[in-house]
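Participant: Dropping a prediction and its sequence here:
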Amino acid sequence: MIKKLYNKKSKDILIENLEAETFNRITCSFYNYIKINSPFDFRNKLYSLFHTLNIFGRIYVADEGINAQISVPSHNWANFLKTISEISELYNVQIKKAISEGISFYKLVVKVKKEIVAYRIPKNKYNMKIIGKHLSTEQFNSAINKEQTTIIDMRNIYESEVGKFKNAEIPQVEKSKDLLPEVRRMLKGREHHQVLLYCTGGIRCEKASSFLINEGIENVKQLKGGIIQYAHDIKKNGVKSKFIGKNFVFDARLGERVSDDIISNCHICNKSSDIHRDCKNDACHILFIQCQECERDLNGCCSDKCKEIASLPIETQKDLRKNRNSPDKRRYFKSPQL
């Protein structure tokens with residue numbers, strides 16, 4: 001049996017250690033679609049190497065590749081790049097630094113999954129050797145303005161709610177497994193269009209573009225490096241952003257500002273806001289948008305009921321969670337569009 005390496009410290013201790021750090025960290029991400037013969041062995045190898053470098057983050061490994069979002073101590077950055085370069089499965093992989101820094105992760109988690117993007121489509125529905133053409137930031141900005149062009153946001157609705165490209169069409173789904181069928185439905189009758197795909201860092205568009213090509217939609221293109229690379233490029237080159245709002249991220253920061261536009265509203269009072277929060281009630285933890293006034297009034301909770309529960313003694317809260325008959329399994333606040 002393969003021994004699994006994992007963190008054994010409590011969350012409180014890990015956060016305490018993180019807050020005591022006297023050095024900076026660099027948040028970054030990378031992915032690679034490549035055949036991994038033994039995902040469990042590869043997972044343990046990565047965990048051991050990254051743990052030695054005091055790297056935190058969330059990494060998914062599958063037989064189809066790797067998907068990683070991590071936080072690297074700045075003084076270990078050069079060693080991290082050297083380590084990556086010496087792993088054949090990660091050779092020449094594109095590493096994208098975060099648009100904005102902040103506390104992102106407090107521990108290292110490396111999991112073996114069936115897919116690195118959970119679309120849950122049969123393997124005969126896509127071929128990762130046949131994918132949509134990658135467009136640079138400049139090429140993407142130019143392509144947006146062409147006739148018979150359809151721009152599709154390949155993210156979930158709660159991500160698009162706070163930021164998107166102008167004129168992009170938003171699939172009305174909250175789960176990745178529902179995304180490709182919905183996008184295929186949206187493109188019915190427009191198979192001849194130029195289809196432009198974008199997502200956070202590019203990984204979702206890779207598989208999505210292959211799926212769409214397999215479905216007979218031939219002119220599919222994708223934004224290279226996703227919103228993250230786009231934001232870096234427009235800042236570096238002084239180009240006006242055609243992406244408005246924030247880039248949602250799946251870590252403690254929950255978002256990175258790309259433009260000053262606020263395109264969403266508080267889910268409680270409907271005032272202009274694009275601040276995502278996790279409900280402070282441990283029995284809820286629903287993800288929602290909340291303005292500063294409502295955050296103050298509800299103590300970071302999504303409702304008066306959750307505020308009341310969160311104010312109870314910890315042991316009382318634990319007892320309530322144990323005695324729940326039908327727990328609410330929703331992860332996201334009901335988006336206004338749905």
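Facilitator: Nice, thanks for sending it over. Numbers count the residues shown, from 1 in each chain.
Participant: and the next element down the chain from the lengthiest helix in the chain?
Facilitator: Secondary structure of the chain read by DSSP state H shows that its longest helix is helix 39-52. Counting by DSSP states H and E, the next helix or strand C-terminal to helix 39-52 is strand 56-62.
Participant: tell me the angle that following strand makes with helix 39-52.
Facilitator: In terms of direction (axes from the mean of the first three to the mean of the last three C-alpha atoms, to 10 degrees), strand 56-62 departs from helix 39-52 by 160 degrees.
Participant: List the pairing partners of the next helix or strand after strand 56-62 within its sheet, with orientation.
Facilitator: Using DSSP H and E, the next helix or strand after strand 56-62 towards the C-terminus is strand 65-73. The strands beside strand 65-73 in its sheet (DSSP bridges) come out as strand 25-33 (antiparallel), strand 56-62 (antiparallel).
Participant: circling back to that earlier point, residues of the longest helix of the chain that come out buried?
Facilitator: By neighbour count with 16 or more other C-beta atoms under 10 Å, helix 39-52 contains the buried residues 39, 42-47, 49-50. Where C-beta positions appear, they are placed from N, C-alpha and C, glycine not excepted.
Participant: nearest to V220, of the strands paired with strand 65-73?
Facilitator: In terms of C-beta to C-beta, the element of these nearest to V220 is strand 25-33, at 16.0 Å.
Participant: and that closest one, how far from the chain's centre?
Facilitator: In terms of C-alpha atoms, centre = their mean, to the nearest Å, the centre of strand 25-33 is found 11 Å from the chain centre.
Participant: one step back: export the strands paired with strand 65-73 to CSV and tack on mean pLDDT, distance to K96 and mean neighbour count?
Facilitator: Below are these laid out as CSV (pLDDT from 0 to 100; distance: least, C-beta to C-beta, whole Å; neighbours: other C-beta atoms under 10 Å):
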stretch, mean pLDDT, distance to K96, mean neighbour count
strand 25-33, 97, 5, 22
strand 56-62, 97, 13, 22
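Participant: which secondary structure elements does the longest helix of the chain contact?
Facilitator: Counting contacts by 3 or more C-beta pairs under 8 Å, 6 or more residues apart in numbering; DSSP states H and E, helix 39-52 packs against strand 56-62, strand 65-73, strand 108-112.
Participant: Near the spatially closest residue to S85 that is not a sequence neighbour, how many other residues are there?
Facilitator: Sequence neighbours aside, Y91 is the residue nearest to S85 in space, at 6.8 Å (criterion: C-beta to C-beta, 6 or more residues apart in numbering). When neighbours are defined as other C-beta atoms under 10 Å, Y91 has 11 of them.
Participant: Buried ones in the worst-scoring helix or strand of the chain on mean pLDDT, by neighbour count?
Facilitator: Least confident element among the helices and strands of the chain, by mean pLDDT, DSSP states H and E: helix 314-322 (a mean of 87). Under the neighbour-count criterion of 16+ other C-beta under 10 Å, helix 314-322 has Q317 buried.
Participant: pLDDT on stretch 267-284, on average?
Facilitator: For stretch 267-284, the mean per-residue pLDDT is 95.
Participant: closest one to C279 among the helices and strands packed on helix 39-52?
Facilitator: strand 56-62 (20.7 Å).
Participant: Report the angle between that closest one and strand 108-112.
Facilitator: Going by the same axes, to 10 degrees, strand 56-62 makes 10 degrees with strand 108-112.
Participant: what does strand 56-62 contact?
Facilitator: The contact list for strand 56-62 (C-beta atoms under 8 Å, 6 or more residues apart in numbering) reads 18, 25, 36, 39, 42-43, 46, 50, 66-71, 104-116, 250-251.
Participant: Same question for stretch 264-278.
Facilitator: Applying C-beta under 8 Å, 6+ apart, the contact partners of stretch 264-278 are 158, 161-163, 245-246, 248, 254-255, 262-263, 285-295, 298, 300, 302, 333, 336.
Participant: Could you pull out the strands in the stretch 51-200 of the chain for me?
Facilitator: 56-62, 65-73, 96-97, 108-112, 133-135, 149-153, 163-165, 194-198 (DSSP state E, counting those that start in this stretch).
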